[in-house]
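In: show me the folded form of this:
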Amino acid sequence: MPTTTSEPGLVSDANGMLIIGLINTILIIGIIVSSRWYGWRLALLLALAYYGSFTFITQVETWYFLTDLTVSPNLLPRLFLMGLSIPFIYIPLAILICNKWKKRDVIVGDKKMLMPFKQLLLKLGILAVTYLVIYWLAGYFIAWQNPELRAFYGSSGEIAPFFEHTFDTFIDSPSLILLQLARGILFAVIAIPIIRGSRVKPWLTGLLVAFLLALPHLGHIMPNPLMPIASVRFSHMVETSTSTFIFGLIIVWLLHRRHYNVKDLFSKKQTGLPNVER
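Out: You can find the predicted model right below:
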């Protein structure tokens with residue numbers, strides 16, 4: 001760990017861990033009880049979704065932004081490993097406690113959720129671009145407005161205009177653009193098992209997925225030597241929690257069922273269905 005002393009967080013370590021623990025427990029239980037799946041299938045898919053959101057996709061950004069600042073090569077792999085205990089130990093125990101380990105009934109999947117492979121690929125591409133846009137807008141108009149945050153990442157001084165900043169980043173750092181496109185796809189992929197397994201209304205599923213993507217960033221309420229400046233943590237928390245929450249809702253909107261045309265995206269009832277399915 002870096003030797004830099006962290007500025008105090010919004011709450012102490014003890015209170016922060018309690019708050020995060022309670023909120024994450026409510027989220028995990030909500031996903032478990034709202035799922036049509038049981039046992040090892042539910043445990044594995046939920047564990048992968050939780051690890052993907054809370055650890056893997058989050059720490060990929062840590063690798064990209066902080067390896068030259070506060071994260072050493074020895075620490076980086078441990079950040080990925082330390083996130084394994086909750087998804088692969090706690091989640092199976094939670095499923096057992098919630099009495100969802102043994103399947104009581106034959107669960108039939110919702111055929112409305114199935115879609116042609118080409119449509120799925122198209123939607124994943126749309127989601128990748130959508131995430132990049134949301135990420136970029138939130139990053140510039142929320143986080144990048146903080147001069148301490150810009151200085152932390154080595155861009156001290158006056159903020160560049162939006163289009164100039166965007167153009168320079170696309171030219172100088174194309175890897176950042178590719179990374180965020182990939183993260184958008186990964187967010188969608190880890191949400192698919194929750195969407196496919198959900199037996200509640202789409203808007204409730206949307207809230208569960210939105211919180212799954214947004215809650216990992218709640219950790220910024222506590223002191224953190226990897227990001228020692230309090231205002232930097234707070235700016236990132238507001239930026240990332242709001243953007244990923246909105247993106248989670250969009251993921252469910254696009255992927256909770258198949259669509260037959262653009263008009264069908266905005267219709268509560270499916271249009272263009274064959275007569276046999278009506």
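In: just the helices in the stretch 1-150 of the chain please.
Out: 13-33, 39-51, 57-66, 76-81, 85, 91-97, 117-138, 147-152 (DSSP state H, counting those that start in this stretch).
In: to F266, which of the ones you listed lies closest?
Out: Distance to F266, taken as Cβ to Cβ, is lowest for helix 117-138 among these, at 14.6 Å. Bear in mind the C-beta positions are built from the backbone N, C-alpha and C, glycine included.
In: tell me the mean pLDDT for that closest one?
Out: For helix 117-138, mean pLDDT rounds to 96.
In: tell me the buried residues in the one helix or strand in the chain whose mean pLDDT sits lowest?
Out: Lowest on mean pLDDT, DSSP states H and E among the helices and strands of the chain sits helix 262-265, with a mean of 83. Buried residues in helix 262-265, counting neighbours by 16 or more other Cβ atoms under 10 Å, are absent.
In: now do it: which elements does it pack against?
Out: Helices and strands touching helix 262-265, by 3 or more Cβ pairs under 8 Å, 6 or more residues apart in numbering; DSSP states H and E: there are none.
In: could I have the CA atoms of that helix written out in CSV?
Out: Below are the C-alpha coordinates for helix 262-265, written out as CSV (Å, rounded to 0.1, in the frame of the first residue of the first chain):
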residue,chain,number,x,y,z
VAL,A,262,-37.4,1.3,-33.4
LYS,A,263,-41.0,2.0,-32.5
ASP,A,264,-41.1,-1.2,-30.5
LEU,A,265,-38.3,0.2,-28.3
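In: returning to what we had before: in CSV, list the helices of the stretch 1-150 of the chain along with mean neighbour count.
Out: Formatted as CSV, the helices of the stretch 1-150 of the chain follow (neighbours: other Cβ atoms under 10 Å):
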stretch, mean neighbour count
helix 13-33, 15
helix 39-51, 19
helix 57-66, 18
helix 76-81, 13
helix 85, 10
helix 91-97, 17
helix 117-138, 16
helix 147-152, 17
